[in-house]
Each structure stands twice: as structure tokens, then as C-alpha cells.
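K.L.:
Sequence first, then the predicted structure:
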Amino acid sequence: MKDAGRPSAPADLRALAERLVGDARKLGADEVEVSVVDGREFDVDVRRGKIEHLVEADSRVCGLKVIKDKRTAYASSSDLAPGTLRGLVRNAVKRAALASPDEFAGLAPLAKKRVDAAALDLFDPAVAELDPKTKIGLARETERIALGDKRITNSYGANFGTNELRSVLANSNGFVGEYEQTYCELSVGLQAGGTDNRVEDSWFSSKRHFKDLAAPEEIARMAVERTVRQLRPRKIKTQNVPVIFEPTQTSWLMGFLFGCVSGTAVYQKATFLAGRLGQKIGNGFVTVVDDGLMPGGLGTRPFDSDGLPSRRTRVVGKGILESYLCNTYAARKLKLRSTGNADGSGVSPNNFYLEPGTAAPQDIIAGTKKGLILIRTLGHGLNSVSGDISRGAFGLWVEDGEIAYPVSEITISGNLGQILNDIEAVGNDLDFFSPVTGPTIEVAEMTVAGS
Amino acid sequence: MDGAVSGKPMRSLPQSPALSYADHFHLDPTDLSKVLGLALSSGGDFAEIFMEHRTNDFVNMEEDIIKETAESVSLGLGVRVLSGDKTGFGYTNDLALEKVEKAALTASAIASGKAKALPARVRDKRLANSAYRVSVPADKAGLRKKIALVREAYGAAQKSDARIVKVKAYFQDSLSNIAILNSEGLFVRDTRPMVKLVCVAISEKNGRRELGFWGGGGRVGLEYFQEVLTPRAIGEQAAHEAVILLEAGDAPAGEMPIVLSPGHSGVLIHEAVGHLLEADFNRKKTSIFWNKMGKKVGSDLVTIYDDPTIPSFRGSYNVDDEGTVPRRTLLIEKGVVRGLLQDRLSAGLMGRPLTGHGRRQDYSNAPIPRMANTYIDRGEYAPEEILGSVRKGFYVASLSGGQVEDSGKFTFSVSLGYLIEGGRLTAPVKQATLIGTNIDILKRIEMAGSDLEFGLQTGTCSKDGQDVPVADGCPTLKISKMTVGGRT
């Protein structure tokens, strides 16, 4: 590594981003956007008391978007050597000519308002300062407590991971912004039962601040409980019954809903909710919000990848579809306003959730004569074009308001459009364990297929 | 560690052949031996440097325009140290020597002992290129040719039926240069091409919309799209599927006989069997198969291989991501478990031979046991005989994916199926999930066709957050009964 051409790391990423914007402009680009992300990661797996895998690394990536004569080209690189970046900028400006002119292409205009990143509480210096011994210790302790339960027969191990990220965005409309954020996560995965009648599950806590992370005892207890409650499952006959979604299950349902209200899917007609703005798509229980400003939220950020300030958007209000979630491009296609959901060239959720109701989850169960509590799903089976859902499932069978026994090797099927109209109860247990989330809900009827 | 002597620097790292790599990695033999020395500075059984330089091109067409093109470069290096069953791993995409040294020190910290010596000699292992079949290299072809392919697929889908309302098509190619140096004195390089052309068509009729998907590619060049699968065929097939689905009814629900179409249904073998024969799950005894080596778990008709050496396939490679030349691996023979997919870590701990299935998504991940091209071997029946044997059942025509857990419970998602009535295919059926437990299903394979095929060369498999390209295949298969998750 003696030669002069060797990659050297530019120290000031903000200056790098601004310089690349200038370079591309000089080469003839009409509009330019540059992002740089600098990350540091730590990750340890502990299994059966021993460190199994330990990773520590720094990494960076630079992304570039160039528009010339309304024609767009992208480039990205994990090699930040000046020579490589110069080449990519030059190619991108040249390559733009090969794309078609697109009247909707173009950067977002510079917003007047800015969100103060510091007020969003996204960075915890304590995460950056944790020493490896503490991190390894937390994983080890979580697994040790879980394995202390005699019903647990094997372990997938416990994991502790942290991420520190600095994101810089600059564009030729004069936007420059940057923010720092941290994440930490502690989890454990378990098995119970013998080799031929295994059940498995896991639990985790994921936060931006170390002090907010659940204690090892709490994570271990949840993981054990979630695993052993599936022991000795029965098969059930195929039937239509009410289905109660636990919050982890409402979470994927909301993820699916996000895909169906994403502006990109709407203009591509790849969602059954295209053309439904302002219409009733669910019953009065359904109020869904996307909030990019929630302090400390896992999905919070000061600005999106178009450089627009984050905001709070009511997507569904008491069953009425009030807003799609758009980046600048999708908004122009749909003649709407961006909602600050740009992520790369696509759209992603910020903190996207179903508003909680008033019912205690145990009361929802108690009010169910016969039905299924959905606790886990397997497989994909989500079709946003039609709204159809069909997934492998694990659940708890409810009879006369009480949990009777676990069931497995079943599938659930239904349609999101129908489900949104068939919600009969919404729990009060909203928790932001994930940026896309919701409380316990009960759906009047879905097909549960068994034998 | 073979042939290790006391801590002298490496003397004989290959010079001239490595030059093309030096352009990317800027690491000369002295640097590399220094880094490897640091990796072994706290002992450990094995250390390795994995270097990768990958370039990607992408062309995307939607809304009747070439919406964008993209180029990306990925460059970096991962250092791994094994100590017993522990793995230390550090990576960096900043190849300044101090950053590379830091990655090596990070990895070394997993071990605690006396420094290990560097290998006395380094073998520059020459690979025969058997896995890749390229006559028109995509990386040299220029973007205009790739744009033409995308336009052709897009246009074919759009024109093939008036009910097609939206089309998307994209082309992607990559060229990955990897180099591996390890503490056993192995130095090996590989240059891996990959191309993929995909078309998605959305049909609409009376307010109902459906989606069709088709595509192809592999470790080939652009000639593939003339000789094997044309862009036009890709577009037309995507449209065809979208249109058929407009007439498709809800899937039936409950247990019934299943017939799997050849090729596409290989996903079932991938999920139901392949994953649970990956060595890590068996070494840790989490897989249902861990205590079943040599035992009969399926019917006599079930013989399953994984073969990373099939020329031109997506899952193929000349060498795996830890330097092992792969071989076709017998997993199940006539229903009896015979082998596992091994990587270096598990093979060493289990005392089993390497099979060449240690793969990683990229330099920022340590290798783990993975599938490559997995298939169930052909049987004796003509496909129509198999269909003819079913009075009432469900035919799986195409699949969109699947998932399995270590207990053997698996699902797979059927995007298009048909009812079987009186030995014939009747009404088309959309969106269904099949669920079962692998050892039940393997026993219920009653008939296997003579028509072994492989599915679309577009598949990607995810495990532990790492995506790798794979392919899978099977002949027409009959399963006596399985739960279909439709609606009543």
C-alpha cells in the first residue's frame, strides 16, 4: 500500500458531499443529489454461554443522483477513493443521456422549514461508549436466564448489537443536512420440546437509547413464555373464525398496509388501494398514522432522502383513506404533496402505526367464544395488487373466552381490504418495539385451514 | 494449520497474476502477510482475508420510459479468525492499511493465546472455469444493449394482451472479483459474472388487478437472451400469468393431494429439505435432521442433491467464499439422509469433509453453509400419468417463495395453481399457501416424474440476513396430502 493511488478516506463527509454536487454540476448535470452514510457496527452472538460470533466494523457508502435534461442516472459506491468517485460522477452525467426524459424527475424544492435533528433525540452517546465486555455480558446474561428454565431444550443464542450512523445529504437546490443516530438491540431465540416436536420463538428489545433497552430478565422471560406456550400443538379442522392478532402480527399487517398506501405502488397501480383516496377503506376502528417526528422513535429522522423535513401524516382517519405516503417523485406523478417518506429512489415508512383503542387484550380474548390468536406466521403470501393474504400460521385456540391449546400447521387467509372493514376490537397495548407497529386487534372472520 | 512454521513473513505470495487485483485492493504481498499475521496474533485455528470488488449495472423501465440507470461499486475486505467454535470477524471498505489492520485485530480478539505462525508457503490455486458460460460479457457490453433488452421485454408484455395495464422491466448485471488468502497458505481468485432480466405485468379487468412475473439469467453473458430465453418470451410469460390470474378463483382450503409442476416447485425442496441439511443447524442440533444421518426420512422416490457446479446456473461458482472447490453433494438418497451442506467451521467441528457450500453475501459477512443449486432427482412416471392418478386435488403451477423453521414446519406461496378434477387440470386458482412438516411431506411423495426441470434463474435465498443467488429444481411430483390454505 505504498502507491499514491491508494484509497484514502476523506475526513469531512459533509465537504465531500458538497464537493461531489459541485463536480457533477460542473460536468453538466442540471440537478445533483449526494448522500453519504458513515456507520459503525458491533454485533455479538452468544450461544450456550460462549461467544459464537463477534463482528466489529466501520463502513461507508456514497450515493449519487444526477439529472440532466430531465433524464436520471444513479450511482453508488462503498469505495470512497477520489478516483473512483470522480469516475462514477463522470459516468453518471454521461449515462443520464441514455435514460428517457421524465417530466416528473427533479429534486424537491428547498424547504423553508427545517426540523432540528437534536430535538428528535436520535443519538445516545452511551451506545457509542459501551465497552465490548458489557455488550457481551448482556447477551450472555439474557441467554443464561432463559436456559435456566427447564422447559427450554435448545438455544439459537442471544445477540447484542449496536449501530452508530452519521448521514449527510446535499443537493444542488442548496440543501445540506446531516444527523447522527444510534441503535441498540438485545435478543434471544429458543427452542422447546424434543427433536421431532420442536417449537421455537424469540424476543428482543430494540431502542435508540441504551437506558431504554429492556433488561435481560424481561427479554428472557418473554422469549421463554412465547416459546413454551406452543408446546404440544394440535391440528384443527378448516373453518372460518374470528382471528386475534397479537401486536407482533398487527405489525406485519401494518407493514403490508404501508406497501399498499405507498405512492410508488399507487402510481404503478400495484395496490388495490390505488384510486381510493378520500374513500372509506375500513371501519371506524382504523386510524393509521405515519410520524417522522416522534422523539426517540426507531423510524424518526429530521429529513427524508429528498431533503424534505419530516412530518406527521394521518394516513387513515376512522376508516377514511386520507393520504398516500409519497416521496417527491410519486407525489408529482399523483399530483399530491410529498409526505417526507423518500428513501433512496423509493418510499419507506417512518413510525407507521395503527392507533390504539381502549380494550385490554385479555378482555378481547375473554369476549371471544371461539377463535384463533395469531402468534406467528411463516412465509410470504401477501399480494398488494389484490390485497390477498395467505400465510402459514401458529396460534392459540380460544374457546369460551379462554386459551384452550396451541395450534400449528395451519394457514390463515383473507384480504386486507376486508380485514380493515372487519376489525371488531382494537387493544390499548400499542408499543413501538418496531417502527411499523400496532396494538392487538380482533378481526371478525378469516379462513383458518387445517385438516 | 498445514505447513506452518515460525513467524517469518510470507515469502512467496504470487506476484504477477495478482496484479489485476492490486488495482482494486492496493494490497501487496507484504501488506497481506502483515494483515494475516495480525489476525493470528492472539492464536486461533484459522485466519482468512476475503477481498471483493464488485461492479453492478442496472436499467429500469416503467411507465413506458427508461426511468433510470444505475451503476454501483462495492469494494471491501473481511478478516475472519476461527478459534474452536468461535468466529471473530472484522471488515472494512476503507483499504488504508491502518483500517485493514484494525479489521484484522478485531477478528483476532476472538482467540486468546500465543500468536500463530504464518504459512511457510502460499499456493496460488488455479481454478478451472467450469461454472460460468459467457460469450458476450455484460460488463463490456455497454448500456445501450442492456436498455434494448429491457425495452423488448417490456414491449412484449404490453402488446401481448389488452388487459395488461402496467408493466415494469429491469436488467441487472454484476461482475464480482474475489480473492481469498488464508493461514493454510491458500490463495485463490475468482471472477464471477451474473445477469438477470425480469418483467412484471399487471392486468386489470372489472376493477380486479393481478400480477404476473417472469425472468431469467444466471452466470452467463448477454447471448443467453438470444439463445436460451428471449426478452420477448420473458415479457409474454409475465403478461400471460397476469391475464390467467384474472380468471382465477380462490384456492380451496384443507388437506388434499398435491401435484407439483416441474421446475418451479423446486422451492419446496429448497425449503423443506435444503435449509435443514445446512451443517450449522445440525451441529447446533436445532434442525430436525440433526440425529437422522443414515436414517430414512422420506419415500424411496426422494433423492436430493445440491450441485454448485452446474454450468451457467445462478447458484454456481468455481470456488466457494472460503476457497473450497465445490462438488455435487448427495443430501438424501432414496429417502435416507446421506449428507450435509458444509462450510469450513462446521466441517472442522463435526469432523466431516468440506463440500464447498461456505457462502457469503459479500465481504462484510462471514461465510455460512448455504445451498447453491438444489434439486430432487427424476423418477419414472410420465407427468400425465401422475396427473391422471388424482381424482380431486390441487396442482401447483408457479410459486413465489417459501420459508422454513428448524422444526421442519415450512410453507410455500403458490402464485398460480389449478384444481385437479378427474385427472385433469380445470379451474385456475390464485394466491394460496401450502404448509407442512418436512418429514411428513417427504414420506408422502408418492410419484416422481421423468421430467426434471429447473425453475426461473432469478431466485435469491435469505439466511441470517445474507442474500445469495440460488436455483432449484424438481420433476413433477405427487404428494398424497398436504394442507392448502385457501378460503372457504
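P.N.:
That came through fine. Because the structure is a prediction, the values reported are computed rather than measured.
K.L.:
On the three-state scheme, residue A:255 is what?
P.N.:
Here residue A:255 is helix, with the state taken from DSSP: H, G, I helix; E, B strand; the rest coil.
K.L.:
Not counting sequence-adjacent ones, nearest residue to it?
P.N.:
In space, and not counting its chain neighbours, residue A:255 is closest to residue A:436: 4.8 Å by C-beta to C-beta, 6 or more residues apart in numbering or on different chains. All C-beta atoms are positioned from the backbone trio N, CA, C, and that covers glycine.
K.L.:
from what I can see residue B:165 touches residue B:208, true?
P.N.:
No. Contact status for residue B:165 versus residue B:208: not in contact, 11.2 Å apart, counting by C-beta atoms under 8 Å.
K.L.:
from chain B, which residue is nearest to chain A?
P.N.:
Relative to chain A, the nearest point of chain B is residue B:485 (2.3 Å; C-beta to the nearest C-beta).
K.L.:
next one: phi and psi at the closest residue to residue A:399 other than its chain neighbours?
P.N.:
In space, residue A:399 comes closest to residue A:370 once its chain neighbours are excluded; the distance is 5.8 Å by C-beta to C-beta, 6+ apart. The phi/psi pair for residue A:370 (degrees, to the nearest 10) reads phi -150, psi 130.
K.L.:
Ok, residue A:414 next?
P.N.:
As for residue A:414, its main-chain torsions (degrees, to the nearest 10) stand at phi -180, psi -160.
K.L.:
Just the pLDDT at it, thanks.
P.N.:
With respect to pLDDT, residue A:414 scores 93.
K.L.:
What of the one 4 residues further on?
P.N.:
In this prediction, residue A:418 carries a pLDDT score of 97.
K.L.:
ok so it is a helix residue?
P.N.:
Yes. Note on residue A:418: a helix contains this position according to three-state DSSP.
K.L.:
what's the neighbour count on it?
P.N.:
Residue A:418 is flanked by 16 other residues according to other C-beta atoms under 10 Å in any protein chain shown.
K.L.:
How about it: what's its closest non-neighbour residue?
P.N.:
Nearest non-adjacent residue to residue A:418, counting by C-beta to C-beta, 6+ apart: residue A:387, 7.7 Å away.
K.L.:
before we move on, what about residue B:406?
P.N.:
residue B:286 (4.4 Å).
K.L.:
residue of chain A with the smallest distance to chain B?
P.N.:
The nearest approach of chain A to chain B comes at residue A:411, 2.3 Å away (C-beta to the nearest C-beta).
K.L.:
quick one, what contacts that residue?
P.N.:
For residue A:411, the contact set (C-beta atoms under 8 Å, 6 or more residues apart in numbering or on different chains) comprises A:390-393, A:448-449, B:253, B:411, B:433-435, B:483-485.
K.L.:
can I assume it sits in a helix?
P.N.:
No. Counting by three-state DSSP, residue A:411 falls outside a helix, being strand.
K.L.:
Bridged to it, which residues?
P.N.:
residue A:392, residue A:449 (DSSP bridges).
K.L.:
Could you measure from it over to residue B:432?
P.N.:
Applying C-beta to C-beta, to the nearest Å, the value for residue A:411 to residue B:432 is 8 Å.
K.L.:
Run through the residues of the stretch 351-451 of chain A sitting next to chain B.
P.N.:
A:378-381, A:383, A:385-386, A:388, A:390-393, A:408-414, A:447, A:449-451 (C-beta under 8 Å from any C-beta of the partner chain).
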